[in-house]
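Engineer: what's the 3D shape of this:
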Amino acid sequence: MSARFYGWALAAMLLAAAIPAFAASQEMPKPRHVSYFEDGYEQAIRPLTRGLDPSILYRRLSGNHREAANIDESNQVRLPSTWWQPRAGFHSVTAEQMLAGPGPGTGPVGKWLVIKAKSQGVSEGFQIRDEKGVRYAIKFDPIGYPELTTSADVIGSYLYWAAGYNVPSNVIVHFKREDLQISGEAKVDDPLRGKIPMSSAFIDTLLSHVHRDPDGSYRACASRFISGKPIGELEFAGRRKDDPEDMIPHQLRRELRGLWAINAWLNHDDCASRNTLDMWVTEGGRSFVRHYLIDFNGILGAASIDKHEYRAGSE
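Structural biologist: Numbers count the residues shown, from 1 in each chain. Presented below is the predicted three-dimensional model:
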């Protein structure tokens, strides 16, 4: 055998030895938070800054558009990643698989223990832990529009999963007030007293602001907590610099560019950083960041706490 063969063999052995060392040495990125104000400002100003960007204007006029940076020789993204998985369009996805989505496709079991009030967003809700110890975020329909936003949230999780994106498992659930118990550790934010113990009156007041079925039960969307440790929202431009595996600027990722098409189809005009989540997960002996889309109650005519305005989705 030639010296060149032995050289390549040695290089392969060194690389194989280096990969586990890299995986073991990688540290969890620092958690971060994109504020609602900052994200709203970014979403409002982005169309203006893009319109005034001379490089984008030149490319538009010259027809020399900047290609995505993670496509293969067939102008496709075929390989799975921490952002996206090839599903519908690459292989058959059955209706049963879509309805299971990311799995398991089931809701809370037994009595619900309310452990935290919903602290972000405009819709009503809280967090619970069921009898098996599984945590869920519980979100409701507004009084005037029963089934509107909860349906959108569940349907959206099916469709975005089928399109290849990482999403939580969302299901429709029904419960009554007596099914809720309050954890002794549950707190709520009081503007005058800071964090105070959650009371039954808090739950009663919250439920008075959401739709109630004629039989006295409440319909909600139960979003199962994603496995791993949350480390904040993703951003649609730039890179997460404390993640060594995040090597491609996000605006040059084909799968993120592809969100324009599916968002337009579903009229998802609230696809912003605040509706995303980066998770630090450990699988196969290594830890890494996986990127999720969450909260789909602003699609298909729904707008979280209302119906879409006619201008919704028109930039």
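Engineer: Apart from its neighbours in sequence, what residue is nearest Ser123?
Structural biologist: Closest residue in space to Ser123, ignoring its immediate chain neighbours: Ser304 at 5.0 Å, by CB to CB, 6 or more residues apart in numbering. For the C-beta atoms, the positions are set from N, CA and C on the backbone; glycine is no exception.
Engineer: Could you count how many residues lie near the one you found?
Structural biologist: 18 (other CB atoms under 10 Å).
Engineer: tell me the SS of it?
Structural biologist: coil (DSSP: H, G, I helix; E, B strand; the rest coil).
Engineer: Please tell me how far it sits from Gly298.
Structural biologist: According to CB to CB, to the nearest Å, Ser304 and Gly298 sit 5 Å apart.
Engineer: and for those two, which residues touch both?
Structural biologist: Asp270 (CB atoms under 8 Å, 6 or more residues apart in numbering).
Engineer: any low-confidence regions in the stretch 101-250 of the chain?
Structural biologist: 119-122 (pLDDT under 70).
Engineer: in stretch 147-156, what's buried?
Structural biologist: Buried residues in stretch 147-156, defined by neighbour count with 16 or more other CB atoms under 10 Å: Leu148, Thr149, Thr150, Ser151, Ala152, Asp153, Val154, Ile155, Gly156.
Engineer: Can you tell me which of those lies closest to Ala137?
Structural biologist: Asp153 (10.0 Å; CB to CB).
Engineer: you'd agree the closest one is in a helix?
Structural biologist: Yes. Counting by three-state DSSP, one finds Asp153 located in a helix.
Engineer: can you tell me which residues contact it?
Structural biologist: Lys139, Asn170, Cys221, Ser223, Asp295, Phe296, Asn297.
Engineer: So Val173, which state does it fall into?
Structural biologist: strand.
Engineer: Specify the beta-bridge partners of it.
Structural biologist: Ala220 (DSSP bridges).
Engineer: Return the distance of the closest residue to Gln85 other than its chain neighbours relative to Asp243.
Structural biologist: Nearest residue to Gln85 in three dimensions, chain neighbours excluded: Gly164, at 5.0 Å (CB to CB, 6+ apart). Using CB to CB, Gly164 is found at 20 Å from Asp243.
Engineer: now do Ser217
Structural biologist: Ser217 is 43 Å from Asp243, by CB to CB.
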